[in-house]
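S.K.: model this:
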Amino acid sequence: MAVHPGNPDIAYAAVVPGTGPAKIKSAAGIHKTVDGGDTWHLVLSADEWLPEKRKNENGEPTSVAINPELPDIVYAVVRYAGVMRSMDAGVTWERVDWEHLKKFQGNYHTLTINPHDPSEFYLSLFGNSFVAYRDPVAETRLAESFQHRNLVKNGDFELTDRSGNRHTGHGTTSGIPVRKEPLSFPLRIHPVDTAVHSA
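M.R.: Residues are numbered from 1 along each chain as shown. Below is the predicted model:
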């Protein structure tokens, strides 16, 4: 299940068909709620994305994830079918770069979006391996949406002086400042531009 980062009433759930006589094959896929779980509707049918040679099998969605920066971008993983992407909050879907991803195998499991770089996701395979994949479509949309914001990829802090220059007063190793004692300082965030931080 994946919950909208800005609205907890919106969520997506990956529903498998189940087993036994009571299973409902038509329910397999990604379901969405916009009212906190009171009602759900199918937005992605898992079976329709299965490759031709597996059409007689049940489609099994194994993961769903929402882009933390642009929640309209949603990913769904369907076993043997690959990764599906929606750019409009589940209204329409398309397969993500199947020609490259299928080289690893079609038996995918969990998809996790990199919180430091939301255009990249990690896709685990059944077994003991995973794939890191940068989605060019999401990357373009993020660049367009945040062209006036400072979205720091894999962001971290470094010690600088009041002019913004890297602090080198405590010795360096390969040009990187090194301190012998722990460093602690208050962090101040600009009241208007939250991308500006100072200590």
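S.K.: Find the nearest non-adjacent residue to Val16, please.
M.R.: Take Val16 and drop its neighbours on the chain: the residue closest to it by C-beta to C-beta, 6 or more residues apart in numbering is Glu60, 5.1 Å away. (C-beta placed from N, C-alpha, C; glycine too.)
S.K.: and the gap between that neighbour and Ala76?
M.R.: Applying C-beta to C-beta, to the nearest Å, the value for Glu60 to Ala76 is 11 Å.
S.K.: same deal with Gly59?
M.R.: Noted for Gly59: a distance of 11 Å to Ala76, by C-beta to C-beta.
S.K.: These two - which one has more neighbours?
M.R.: Between Gly59 and Ala76, counted using other C-beta atoms under 10 Å, the more crowded position is Ala76 (28 against 22).
S.K.: Could you look up the SS state of that one?
M.R.: Here Ala76 is recorded as strand under DSSP: H, G, I helix; E, B strand; the rest coil.
S.K.: Would you enumerate the residues in contact with it?
M.R.: Counting by C-beta atoms under 8 Å, 6 or more residues apart in numbering, Ala76 touches Tyr12, Ala14, Ile30, Leu44, Pro61, Ser63, Val64, Val83, Met84, Arg85, Ser86, Trp93.
S.K.: Now render those as a markdown table, adding pLDDT and neighbour count.
M.R.: Below are the contacts of Ala76 laid out as a markdown table (pLDDT from 0 to 100; neighbours: other C-beta atoms under 10 Å):
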| residue | pLDDT | neighbour count |
| --- | --- | --- |
| Tyr12 | 97 | 26 |
| Ala14 | 93 | 21 |
| Ile30 | 94 | 26 |
| Leu44 | 93 | 24 |
| Pro61 | 89 | 25 |
| Ser63 | 92 | 22 |
| Val64 | 96 | 25 |
| Val83 | 89 | 24 |
| Met84 | 91 | 22 |
| Arg85 | 95 | 19 |
| Ser86 | 97 | 21 |
| Trp93 | 95 | 20 |
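S.K.: Fine by me, thanks again.
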